[in-house]
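Trainee: give the three-dimensional model of this entry:
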Amino acid sequence: MDVESPLIQMTLFNCDEHYMILKSGEEADRDMTLAVHNGSIESFEFHSAIAINSDKTKIYCCIEISDYAIAVYHKSGTGWVYETSLSDNVNPVFSLTLAKDEKYLVATIKSGYKLWNLTQSKVKVLHLKLPAGFQNIPSKFQSSILVTFTRNNYFLVTGVRKNIYMWDVKSGSLVKTLDAHFGRIHTITAVTSNGMNKVVSSSLDKTIKVWNIDNVYEDVHSIDRLEKQVESIDLATHAFIGITVTRNCVGVWNLQNGRLHRTLANSTHSSIITHAVITADGQYVVSSESGTILIWDLSSQKDKPVKSDSQRDTLQIQLSDEDTKFVTFSKIPGNKVKCICREIPSGNQVYTFDYAIKKFRPPVQTTDGLFLVAVTVHKNDEVLGLYHIKTGTFLYNIPLKYNNFVEFHTIVPMPNEATQIALIDQDKGNILDVKKKNLVRSIQKWNGMCTQNGKLGLYAPNRGGLQLLDLKNGKVIHTLIPRVAEGVFSVNALFTKNDQHVVYYHSGHRTIRVFRVSDGSKIATYKAHAEINAIAGTSGGSSIVTGAVDGSLTMLTIADPIHPCSNEFLQSLPSRQMSSLSSPQAGSPNDRLSDVAGINMNGRGIGSTLQVARFVAKAKQAQKSRACVIS
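Mentor: Purely as a prediction, here's the structure:
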């Protein structure tokens with residue numbers, strides 16, 4: 001049989017008969033044809049959807065003369081003979097699905113589903129409506145399966161967007177909604193053999209998840225997440241609060257319990273967020289949204305910023321002068337950058353100046369908070385421009401003339417020397433003294449990450465490997481990860497704030513590995529549930545916070561067995577205080593947020609999400625699997 005129309009499905013029934021569903025040539029046309037490859041059965045024309053029983057003797061479909069009513073045909077000789085219509089239906093049908101035992105038929109429509117019990121003498125229809133705001137969207141060729149029945153047809157399980165819905169087949173009521181994936185679900189199937197009662201879902205997020213239907217009535221504890229992927233993280237150093245930046249909002253998180261308290265966006269439909277920072281006490285957030293600088297007061301009940309000011313093409317936001325002011329950098333015509341310093345929370349301008357650039361590199365402040373160092377242009381050469389951070393006064397330029405100078409990509413302030421900064425290029429890190437205007441030394445392979453005392457650094461190339469460096473002489477102290485050819489991936493390596501551990505994320509493996517600085521040994525490996533875009537360490541150095549492409553924020557506590565305070569610290573975590581977690585807190589979310597803001601993060605009372613238990617178990621190599629996720 002010559003097939004000229006697009007073939008969208010083929011079923012191999014036996015050696016002689018292969019059933020094919022052919023689509024008409026027009027993309028918007030929903031007319032289709034059921035045919036057998038050897039021509040032993042006459043072709044049957046229908047539209048929109050079809051379901052065929054297992055022995056290929058009966059079909060359920062929509063035909064032209066009855067519009068969207070479900071017509072039933074049975075095989076007779078070499079053709080198909082009309083038998084009956086199930087019921088009047090005026091809703092466009094996207095797909096038809098038969099239960100495995102062929103006792104139920106489901107039609108997918110825009111508002112939900114229609115369910116027929118085929119065992120009844122007078123077939124009645126149940127209308128299963130999706131929750132408000134959700135609807136089915138037809139696919140072009142219905143190549144995905146998003147409807148299935150559990151064991152004994154007790155539940156109907158469907159997938160819409162990233163959610164799984166479970167319906168009671170007898171009553172038609174919606175019994176459970178699962179926030180299953182962070183990408184669109186494209187296939188759902190049931191596994192009911194050998195007494196099992198499982199449902200398997202696969203998604204565009206590259207995961208396959210297995211769900212135990214026998215536990216469907218148990219409580220589901222959802223993990224908060226944002227709609228868009230997390231681009232960056234900023235933490236309040238003196239409060240249990242952190243913010244995440246996504247494309248359309250700023251998320252404010254309570255780090256003590258992992259809950260998303262609120263989202264900040266001046267426009268709910270068209271906002272584009274590029275940058276955001278939070279003050280150390282967790283009271284104010286400064287963000288850049290769609291060409292506007294916004295100041296938010298987190299202690300306020302209002303959903304609007306306390307101050308807004310226009311500034312387009314913002315490139316960076318920095319806090320300064322003990323978080324009483326902030327500095328913004330934006331691109332302006334003529335290859336220039338405009339720097340504006342404003343007060344918090346009034347938004348009043350303190351100073352403004354412009355400087356020329358060839359290529360923008362984020363400016364930095366010296367660790368004493370007195371000077372701003374920016375890459376500018378003087379006489380067509382790139383130089384370092386030094387400005388007074390409190391007044392904006394230009395002081396002087398520093399020529400970039402030192403041995404083996406190559407173009408650099410990052411400026412790093414040295415934490416142990418107030419007047420020193422480092423220029424990081426592809427081969428080395430170059431430490432300069434901005435007061436003496438000279439090169440102090442160059443450290444080969446250094447990537448710019450260093451301890452708080454400035455003695456140790458890291459070398460973490462994208463092609464693999466991780467080394468701990470002595471920043472005085474450039475020697476390798478420990479090889480934490482041997483250099484292995486794994487291809488080029490994005491990596492993120494940093495020291496914890498207490499300088500006791502190195503955290504290393506590898507996008508190819510999607511793992512976070514933690515190494516002890518003192519002896520170079522690996523103490524834990526954590527497999528992330530999704531690709532991580534941002535990592536930040538807490539001020540106490542005992543935890544790290546990650547933001548992933550699924551919009552989630554995860555806080556992990558480092559459990560090092562050789563540290564005597566680890567057990568006491570772990571026992572203080574909210575995840576170990578089940579009685580406090582089970583009782584809801586009184587007051588509004590903003591009241592709770594204000595209470596959290598008053599807690600100091602430098603002590604042992606730092607909070608964490610429930611993922612800490614998994615991280616600790618991995619450190620002790622005693623984890624047992626509680627869920628099945630294949631990715």
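Trainee: low-confidence ranges in the stretch 451-600 of the chain?
Mentor: In the prediction, the stretch 451-600 of the chain carries residues with pLDDT under 70 at positions 575, 577-600.
Trainee: the helices in it, which residues?
Mentor: Residue ranges of the helices in the stretch 451-600 of the chain, as given by DSSP state H, counting those that start in this stretch, are 566-571, 578-582, 589-597.
Trainee: for Lys140, give me the pLDDT.
Mentor: In this prediction, Lys140 carries a pLDDT score of 59.
Trainee: please work out how many residues are found near Thr187.
Mentor: Using other C-beta atoms under 10 Å, the number of residues around Thr187 comes to 15. From N, CA and C alone the C-beta is placed, and that goes for glycine too.
Trainee: ignoring the adjacent residues along the chain, who's closest to it?
Mentor: Distance criterion C-beta to C-beta, 6 or more residues apart in numbering; nearest residue to Thr187, sequence neighbours excluded, is Ser202 at 4.6 Å.
Trainee: that neighbour contacts Arg184, doesn't it?
Mentor: No. Counting by C-beta atoms under 8 Å, Arg184 is not a contact partner of Ser202; they are 10.4 Å apart.
Trainee: okay, these two: which has more neighbours?
Mentor: More neighbours sit around Ser202 than around the other of Ser202 and Arg184, counting by other C-beta under 10 Å; the figures are 19 against 15.
Trainee: what's near enough to touch that one?
Mentor: For Ser202, the set of contacting residues under the criterion of C-beta atoms under 8 Å, 6 or more residues apart in numbering consists of 185-188, 208-209.
Trainee: okay, and which of those residues map to strands?
Mentor: Judged by DSSP state E, the contacts of Ser202 include 185-188, 208-209 as members of strands.
Trainee: okay if I get these as CSV plus pLDDT and distance to Ala99?
Mentor: Compiled in CSV, these are given as follows (pLDDT from 0 to 100; distance: C-beta to C-beta, whole Å):
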residue, pLDDT, distance to Ala99
Ile185, 91, 20
His186, 88, 21
Thr187, 91, 17
Ile188, 93, 14
Ile208, 89, 23
Lys209, 90, 22
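Trainee: closest one of the residues you listed to Val245?
Mentor: When these are compared for distance to Val245, the smallest value, 27.1 Å, is given by Ile185; criterion: C-beta to C-beta.
Trainee: how about the contacts made by that closest one?
Mentor: Shown here is Ile185, whose contacts under the criterion C-beta under 8 Å, 6+ apart are 146, 159-164, 201-204.
Trainee: quickly list what it is bridged to.
Mentor: Ser203 (DSSP bridges).
Trainee: span of stretch 166-186 from start to end?
Mentor: Between the opening and closing residues of stretch 166-186 lies a distance of 16 Å (C-alpha to C-alpha, to the nearest Å).
Trainee: now find how far off-centre that stretch is within its chain.
Mentor: Relative to its parent chain, stretch 166-186 has a centroid offset of 22 Å by C-alpha atoms, centre = their mean, to the nearest Å.
Trainee: now do stretch 214-224
Mentor: Worked out by C-alpha atoms, centre = their mean, stretch 214-224 lies 21 Å from the chain centre.
Trainee: which helix or which strand is home to the residue nearest to Asp321 when sequence neighbours are not counted?
Mentor: Here the nearest residue to Asp321 in space, its sequence neighbours aside, is Lys390; by C-beta to C-beta, 6+ apart that works out to 6.1 Å. Per DSSP states H and E: Lys390 is located in neither a helix nor a strand.
Trainee: now do Lys390, the pLDDT please.
Mentor: So Lys390 comes in at 93 (pLDDT).
Trainee: now for it, how many residues are close by?
Mentor: By the measure other C-beta under 10 Å, the count of residues near Lys390 is 16.
Trainee: identify all contacting residues around stretch 344-356.
Mentor: With C-beta under 8 Å, 6+ apart as the contact definition, stretch 344-356 has outside contacts at 279, 284, 286, 293, 295, 297, 306-309, 319, 323-326, 332, 334-343, 374, 376-377, 385, 387, 391-392, 394.
Trainee: list only buried entries from those residues.
Mentor: Judged by neighbour count, with 16 or more other C-beta atoms under 10 Å as the criterion, the buried members of the contacts of stretch 344-356 are 279, 284, 286, 293, 295, 297, 307, 319, 323, 325-326, 337-342, 374, 376-377, 385, 387, 392.
Trainee: the helix or strand hosting Ser330: what's the following helix or strand?
Mentor: Taking DSSP H and E as the criterion, Ser330 maps to strand 325-332. Reading on from strand 325-332 to the C-terminus, the next helix or strand found by DSSP H and E is strand 336-343.
Trainee: ok, residues contacting that following strand?
Mentor: Residues external to strand 336-343 that are found in contact with it (C-beta under 8 Å, 6+ apart): 293, 309, 311, 315, 320, 324-332, 348-357, 360, 363, 372, 374, 387, 392.
Trainee: restricting to C-alpha, output it in CSV.
Mentor: The C-alpha trace of strand 336-343 is given here as CSV (Å, rounded to 0.1, in the frame of the first residue of the first chain):
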residue,chain,number,x,y,z
LYS,A,336,29.5,54.8,28.4
VAL,A,337,28.2,53.6,31.8
LYS,A,338,26.2,55.8,34.1
CYS,A,339,26.7,55.3,37.9
ILE,A,340,24.0,56.6,40.2
CYS,A,341,24.1,56.4,44.0
ARG,A,342,20.8,56.6,45.9
GLU,A,343,19.8,56.4,49.6
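Trainee: so how far is that strand off the chain centroid?
Mentor: 31 Å.
Trainee: and the angle from that strand to strand 325-332?
Mentor: If you take axes from the mean of the first three to the mean of the last three C-alpha atoms, to 10 degrees, strand 336-343 sits at 160 degrees to strand 325-332.
Trainee: quick one: average confidence on strand 336-343?
Mentor: When pLDDT is averaged along strand 336-343, the result is 96.
Trainee: pull up the pairing partners for that strand, direction included.
Mentor: The pairing partners recorded for strand 336-343 under DSSP bridges are strand 325-332 (antiparallel), strand 349-356 (antiparallel).
Trainee: among those, which comes closest to Asn492?
Mentor: strand 325-332 (23.4 Å).
Trainee: what does that closest one contact?
Mentor: The set of residues external to strand 325-332 that reach it, using C-beta under 8 Å, 6+ apart, is 277, 286, 288, 293, 311-320, 337-344, 350, 354, 360, 362-363, 372, 389.
Trainee: now the spatially most distant residue from the centre of the chain: how far from Leu22?
Mentor: The outermost residue of the chain, judged against the average C-alpha position, is Gly77 (56.2 Å), by C-alpha atoms, centre = their mean. Going from Gly77 to Leu22 by C-beta to C-beta, to the nearest Å gives 22 Å.
Trainee: same question for Ile243.
Mentor: Distance of Ile243 to Leu22, computed by C-beta to C-beta: 54 Å.
Trainee: so which of the two has more stuff around it?
Mentor: Set Ile243 next to Leu22 and count neighbours by other C-beta under 10 Å: Ile243 wins out with 24 against 20.
Trainee: show me the contacts for that one.
Mentor: Under the criterion of C-beta under 8 Å, 6+ apart, the contact partners of Ile243 comprise 233-235, 250-253, 276-278, 285.
Trainee: those residues in helices, which ones?
Mentor: Secondary structure assignment by DSSP state H places none of the contacts of Ile243 in helices.
Trainee: for ChimeraX, what selects the buried ones among the residues you listed?
Mentor: The following ChimeraX selection, which keeps only the buried ones among these, applies the criterion 16+ other C-beta under 10 Å:
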select :233,234,235,250,251,252,253,276,277,278,285
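Trainee: just give the number of residues close to Asn14.
Mentor: Residues contacting Asn14 under the criterion other C-beta under 10 Å number 7.
Trainee: do the same with the one 5 residues further on
Mentor: Burial measure for Tyr19: 17 neighbouring residues, criterion other C-beta under 10 Å.
Trainee: what about it, which helix or strand?
Mentor: Taking DSSP H and E as the definition, Tyr19 sits inside strand 18-23.
Trainee: and that strand, how far out from the chain's middle?
Mentor: Using C-alpha atoms, centre = their mean, the distance between the centre of strand 18-23 and that of its chain works out at 40 Å.
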